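> Predicted coordinates and the sequence they were generated for:
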Amino acid sequence: MTTRTWITATPPTPNGDLHVGHLAGPYTAADVLRRFLTADGADVRLTTGLDDHQGYVAVRGIKDGGRKPEEVADHYGASVTRTWKAAAVEFDHIVRPRRDAGYQQFVQSFFSGLYEAGHIVPRTRPLPYCASCERWLYEGYLVGGCPLCGASSNGNACEPCGRPNECGDLTDPRCVPCGAPAELRDATRLYFPLAPFAERLAAFWAEVDMPPHLRALCERMLADGLPEIAVSHPADWGVPVPVDGYEDQRIFVWCEMAPGYLWEQDPRGGTLPETGPVQFFGFDNGYFHAVLFPALFLAHDEATPLPRAFVVNEFYQLDGLKFSTSRRHAVWVHEALAACGADVLRHHVLADRPNGRETSFNLEALERTRHHLATLWDGWLGRLLTAVERDCGGRVPEEAPAGRAWELLRGRLHRIADELREAYGVTGFDPRRAVALLDEAVACAADFGHVHAHERARPDGAAAHRRALAAQLAVAAALSAWAAPALPVGSARLAALLGVPANGRVDASALAPLPAGRAVTAPTGAVFGG
């Protein structure tokens, strides 16, 4: 029986529209891997959800003039799912926490099991409180200085250093909705101690594939002593805590997300895949995925398959500052798509993916990507298919590709195909490299086309000209398969123009001459470039 590959992309918070930073992070990349593996014949499932119960959702409602959290979550959740579809990011399952029947009970059962087994314990510790708003402060309600790195941080976790906090240990805590200084009051919450899982986490980290930045975070936390994590907050937004005496508290949303991932894979509580998921997320969510979630899974059921790989992106900046939905510092995906189309935006964010380093987006660079695809990719395809229409009646020539130049081109492209498989695959996943290889393949084909266009001018060059066209048609057919994981919309258009199946396997076998006499169609508009 084929083993299923399970891929997850961290659920976005529906406190705003999807921005380009989100697309450059987990979502396009996860979709690329899914498409590649599916074309390979693998059994693949890509899942995500909507992180409705984040405190940031409720804070957005307050800032928007008093909208209810559920109104915010529903409005932006619908926008996010529409935007994924428009960007050709396709999920097999999207968890909707407030709409999926049985979801809340599933999460509460997971939480109750940990509490009854003694893994979750009560602790009374200081928690910021806003007297003006008459509200306990946590997550997006709270801002202050990170007790570990000193950077500005919200409650529960610091984005710059990736480390957790207790909320009460932030320096100069302030209420985000009203801006007033917070006071510390003792509050009894439920905590999940990580220290009992130190050895098992260390063993897991030794096996899982993850980048050095995340590994350094895990090892620093282990060296400093794994903390206790607050897994409940006094609040009225979220999944109610199913423990007597804590009815006025809600499950910490990141503790909710752990069983939420299990729900993504099988909402009926059936069997999970034999191997753990490949998880896509940003470094700011790294501690949750690499430390908290595995410990929760180990506490819940040691048979739960832990992730096999973490694919982590750094921050994608906008004009030198981090994209931020809550601060409305963003270029929204739906606006970028209206300007350039899905393939241009996907090419851009994959080529500029913040892999191991922060990168920065601007609209001028996006326009350069559009121009690049329009001139190099569509320019070559337009010249090729127009020449076939003009000189071969719109059909694949009878002459097969041949000659020394074709053998050289084919050899180069076979090597590119091998490298593409590595860049698209789980072990060597590198979408930046994949896009560069696709550009190289198109550049090689375009150069070949320019050089051999002169065959047409030779008195006896008609047959050589047609062989060169047949060679380029073979490359175009291969491109329709090789580019499909990254640029699915244009690849499907190209496959239709050539009369070949869409979403072919990414390998050297795709570089095969098309049947002589097959009708092909010249494009009437952009294929990839807009």
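Arrived safely, thanks for sending. Because the structure is predicted, anything quoted here is derived from the model rather than measured.
> how does the protein divide up, domain by domain?
For the chain, the domain assignment from automatic domain parsing gives the residue ranges 5-361, 363-510.
> now those as JSON lines including mean neighbour count?
All C-beta spots, glycine's among them, are computed from the backbone N, C-alpha and C. Listed next are the domains of the chain as JSON lines, based on neighbours: other Cβ atoms under 10 Å:
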{"stretch": "domain 5-361", "mean neighbour count": "19"}
{"stretch": "domain 363-510", "mean neighbour count": "19"}
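> would a markdown table of those domains with distance to Val527 and mean pLDDT be doable?
Listed next are those as a markdown table, based on distance: least, Cβ to Cβ, whole Å; pLDDT from 0 to 100:
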| stretch | distance to Val527 | mean pLDDT |
| --- | --- | --- |
| domain 5-361 | 9 | 94 |
| domain 363-510 | 5 | 97 |
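> and these as TSV, adding distance to Ala526?
As requested, the domains of the chain are exported to TSV (distance: least, Cβ to Cβ, whole Å):
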stretch	distance to Ala526
domain 5-361	7
domain 363-510	6
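> any idea how far the most far-flung residue of the chain relative to its centre lies from His465?
Within the chain, the residue lying farthest from the chain centre (Cα atoms, centre = their mean) is Pro459, at 54.4 Å. Pro459 sits 12 Å away from His465, taking Cβ to Cβ, to the nearest Å as the criterion.
> Likewise for Pro294?
When Cβ to Cβ is applied, the distance between Pro294 and His465 equals 61 Å.
> before we move on, what about Leu18?
Distance from Leu18 to His465, by Cβ to Cβ: 48 Å.
> Could I get the contacting residues of Thr124?
186-188 (Cβ atoms under 8 Å, 6 or more residues apart in numbering).
> Can you classify it as helix, strand or coil?
strand (DSSP: H, G, I helix; E, B strand; the rest coil).
> That one and Leu190, how far apart?
Thr124 sits 11 Å away from Leu190, taking Cβ to Cβ as the criterion.
> Touching, Ala468 and Glu455? I think so.
Yes - here Ala468 lies in contact with Glu455, judged by Cβ atoms under 8 Å, at a distance of 5.9 Å.
> Pretty sure Thr188 sits in a strand.
Yes - secondary structure of Thr188 (three-state DSSP): part of a strand.
> Contact partners for it?
Under the criterion of Cβ under 8 Å, 6+ apart, the contact list for Thr188 reads 122-124.
> Take those residues and write them to TSV, including distance to Phe281.
Formatted as TSV, the contacts of Thr188 follow (distance: Cβ to Cβ, whole Å):
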residue	distance to Phe281
Pro122	30
Arg123	28
Thr124	32
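> of those residues, closest to Asp447?
Arg123 (66.7 Å; Cβ to Cβ).
> Using PDB, list the CA coordinates for the host helix or strand of Val311.
Assessed by DSSP states H and E, Val311 sits inside strand 309-313. Provided in PDB are the C-alpha atoms of strand 309-313 (Å, rounded to 0.1, in the frame of the first residue of the first chain):
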ATOM      1  CA  ALA A 309      10.600  17.700   8.100                       C
ATOM      2  CA  PHE A 310      10.200  21.300   8.900                       C
ATOM      3  CA  VAL A 311      10.300  23.700   5.900                       C
ATOM      4  CA  VAL A 312      10.800  27.100   7.500                       C
ATOM      5  CA  ASN A 313      10.900  30.600   6.000                       C
END
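> I'd like to know which elements the helix or strand following it is packed against.
From strand 309-313 onward toward the C-terminus, using DSSP H and E, the following helix or strand is strand 316-318. With contacts defined as 3 or more Cβ pairs under 8 Å, 6 or more residues apart in numbering; DSSP states H and E, strand 316-318 has these neighbours: helix 20-22, strand 359-361.
> can you tell which of those is closest to Gly66?
Taking Cβ to Cβ as the measure, the helices and strands packed on strand 316-318 were each checked against Gly66, and helix 20-22 came out nearest at 26.6 Å.
> That closest one packs against which elements?
Packed against helix 20-22 by the contact rule (3+ Cβ pairs under 8 Å, 6+ apart) you find strand 316-318, helix 333-340.
> Which among those is found nearest to Ala423?
Each of the helices and strands packed on helix 20-22 was scored for nearness to Ala423 using Cβ to Cβ, and the closest is strand 316-318 (19.7 Å).
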